[in-house]
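mind folding the following:
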Amino acid sequence: MAEDCCSKKRDTLAELALKADQRRVLLAVLAINLVMFFVGFGGGVWARSSALMADSVDMLGDAFVYGLSLFALHRGARWEAGAAIAKGGIILVFGILVMAEIVDKILNGVPPSSSLMLLFGGMALVANLACLAMLWRFRTLNVNMSSTFECSRNDVISNVGVLLAAGLVAVTGSGWPDIVVGAMIALIFLRSSWRVLAEAIPAYRKASVPAV
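Residues are numbered from 1 along each chain as shown. The predicted model follows:
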């Protein structure tokens with residue numbers, strides 16, 4: 001009996017320690033994404049880059065996502081699944097907003113500065129790779145952390161796309177690579193939203209069923 005009790009205590013302490021580790025990581029990636037939103041969006045406006053602005057707005061969305069993940073910690077499976085649903089909704093909204101910005105760029109835009117795109121896109125890539133590395137060990141822990149990892153992975157893909165667009169803008173002198181990559185980022189948002197919601201909604205329903 002005493003051994004069983006001690007075993008349960010060890011399990012509880014291990015779970016609490018893991019939650020603390022999650023909180024520290026989420027706080028770190030939240031701060032990184034918030035800072036990089038201001039840096040990246042300012043750089044996008046300066047460079048007149050749709051892809052760079054879309055990428056930076058995504059980082060602001062991720063800051064909200066990580067905040068929701070922090071809120072869901074210690075609140076059980078239902079809260080974690082609910083936070084994941086909110087994240088999926090946020091990703092969906094930003095995907096739609098980016099598509100609207102791209103339409104405006106097609107109608108009114110001018111070629112962006114490739115050198116500024118490379119500078120700020122490179123900074124964002126380094127920041128997001130650091131976030132991805134910190135989140136890696138939690139990527140399959142639960143639906144909350146899995147959806148958080150999904151957001152960070154999308155950021156890295158978006159950053160690579162921005163750098164590719166910058167290179168093509170430099171070579172061609174056209175703004176179309178920037179527009180195309182911005183559209184691809186938007187499609188990534190929409191696909192990711194579908195995946196997160198498809199996993200989170202059933203998990204929320206399951207957690208909402210009263211135990212018999």
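
output the below-cut-off pLDDT ranges for the chain.
1-18, 69, 72-76, 109, 144, 209-212 (pLDDT under 70).

residue closest to the middle of it?
Cys151 (2.8 Å; CA atoms, centre = their mean).

residue contacts, that residue?
When contacts are counted by CB atoms under 8 Å, 6 or more residues apart in numbering, Cys151 touches Gly61, Asp62, Val65, Lys87, Ile91, Ser192. For every residue, glycine as well, the C-beta is placed using N, CA and C.

again, but for Ile179
Ser50, Ala51, Ile102, Lys105, Ile106, Gly109.

which of those fall in helices?
In this view, the contacts of Ile179 that belong to helices under DSSP state H are Ser50, Ala51, Ile102, Lys105, Ile106.

give me the neighbour count for the third one.
Right, the one you point to is Ile102. For Ile102, the tally of surrounding residues (other CB atoms under 10 Å) stands at 22.

pretty sure it is touching Ser50, no?
Yes. Counting by CB atoms under 8 Å, Ile102 does reach Ser50; the two are 5.9 Å apart.

how deep is Arg139 tucked in, by neighbour count?
14.

let me see the contact set for Lys87.
Val65, Leu68, Ser69, Ser147, Thr148, Cys151, Val196, Ala200 are the contacts of Lys87 under CB under 8 Å, 6+ apart.

among the contacts of Cys151, which are in helices?
Using DSSP H, the contacts of Cys151 in helices are Gly61, Asp62, Val65, Lys87, Ile91, Ser192.

now the third one: closest residue in space, sequence neighbours ignored.
What that stands for is Val65. Nearest residue to Val65, sequence neighbours excluded (CB to CB, 6 or more residues apart in numbering): Lys87, at 4.7 Å.

identify the farthest-apart pair in the ones in helices among the contacts of Ile179.
Ala51 and Ile106 (13.2 Å; CB to CB).
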